[in-house]
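1. Quick one, fold the following:
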Amino acid sequence: MEASWTKSFRKFRGRTLDKRTLTDKRTLLIRQHEDAKELKENLDRRQRLVHDFLSARLPEDRLADYQHFVKMKSALIIEQRKLDDKIRLGEEQLKCLMDSLPTEQRMGL
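-> Residues are numbered from 1 along each chain as shown. Below you'll find the predicted structure:
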């Protein structure tokens, strides 16, 4: 009877720890989301200020060039991150494949 109770208690304790861990992760994610929203609001505000400043001082074609530059810069940064992730994944896969080869085949490569 004692062993059964101990086993049940361990299962319950494990679920409680899992629930607490998930709750902690959820709280952290909510906090990070709020921080991200605040950063986005600040970024949008700064972009509006810069746009207003430049639109008062630059001809329309130059302002359009600047806006295109900013848009492309953001898109290129996102693309670079995606490519970096793909490279990292490829390197991990290559390492796993190399590790799965017998030692004598690895030496030939």
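2. downstream neighbour of the lengthiest helix in the chain in the secondary structure list?
-> Criterion DSSP state H: the longest helix present in the chain is helix 2-57. Using DSSP states H and E, the helix or strand that follows helix 2-57 in sequence is helix 60-100.
3. How much space separates the residue nearest in space to the middle of the chain from residue 66?
-> Closest residue to the average C-alpha location of the chain: residue 81 at 9.6 Å, with Cα atoms, centre = their mean. Taking Cβ to Cβ, to the nearest Å as the measure, residue 81 falls 23 Å from residue 66. Any C-beta I mention is one placed from the backbone N, CA and C, and that applies to glycine too.
4. what's the answer for residue 88, then?
-> On the measure of Cβ to Cβ, residue 88 and residue 66 end up 33 Å apart.
5. Show me which of these two is the more surrounded one.
-> residue 66 (15 against 10; other Cβ atoms under 10 Å).
6. So for the more buried one, what's the nearest residue that isn't a sequence neighbour?
-> In space, and not counting its chain neighbours, residue 66 is closest to residue 54: 6.1 Å by Cβ to Cβ, 6 or more residues apart in numbering.
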